[in-house]
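[1] prediction below, plus the sequence it came from.
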Amino acid sequence: MRTIIGAAAVAGEATNFRRFSRAYTVEPVLVNGMVGLVGRENGRPRSVLGFTITDGRITALEILNDPERLALLDLSASAE
């Protein structure tokens with residue numbers, strides 16, 4: 001897992017997440033009780049993006065793309 005901090009870094013990583021996940025379906029889910037995104041390929045989770053929100057702003061991102069750790073997560077709770 002990587003944690004990204006700082007406005008420019010967060011914006012850049014969010015753009016990268018979207019660009020690399022174009023082959024996936026991306027949907028909102030609950031990650032540790034907070035809104036996040038999961039990228040799925042053929043129905044299987046490939047990456048998860050969690051947000052830290054402070055004073056109404058995204059201040060950090062946590063990105064997980066380890067298949068073994070992703071398999072342990074319950075990503076069934078939609079954040080829609």
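    Here it is on my side, so go on.
[2] so in the protein, which helix runs the longest?
    Secondary structure of the chain per DSSP state H: the longest helix is helix 7-20.
[3] now that helix: average pLDDT?
    Helix 7-20 carries an average pLDDT of 72.
[4] show me the shaky parts of this structure.
    For the chain, the stretches with pLDDT under 70 are 1-2, 17-22, 79-80.
[5] which residue of it lies farthest from its centroid?
    What lies farthest from the middle of the chain is Asp55; by Cα atoms, centre = their mean that is 19.9 Å.
[6] and it, what is it in contact with?
    Applying Cβ atoms under 8 Å, 6 or more residues apart in numbering to Asp55 gives no contacts. Where C-beta positions appear, they are placed from N, C-alpha and C, glycine not excepted.
[7] please apply the same query to the one 3 residues further on.
    Residues touching Ile58, when contacts are defined by Cβ under 8 Å, 6+ apart, comprise Val10, Ala14, Phe51, Thr52.
[8] the first one touches Arg57, doesn't it?
    No: using Cβ atoms under 8 Å, Val10 and Arg57 do not qualify as a contacting pair, with a distance of 9.3 Å.
[9] tell me which of these two has more neighbours.
    Val10 (18 against 10; other Cβ atoms under 10 Å).
[10] how far is the strand or helix carrying Gly39 from where the chain is centred?
    Using DSSP states H and E, Gly39 maps to strand 34-41. A distance of 5 Å separates the centroid of the chain from that of strand 34-41, by Cα atoms, centre = their mean, to the nearest Å.
[11] so which elements touch the strand ranked longest in the chain?
    Ranked by number of residues, the top strand in the chain under DSSP state E is strand 44-54. Counting contacts by 3 or more Cβ pairs under 8 Å, 6 or more residues apart in numbering; DSSP states H and E, strand 44-54 is packed against helix 7-20, strand 25-31, strand 34-41, strand 57-64, helix 67-70.
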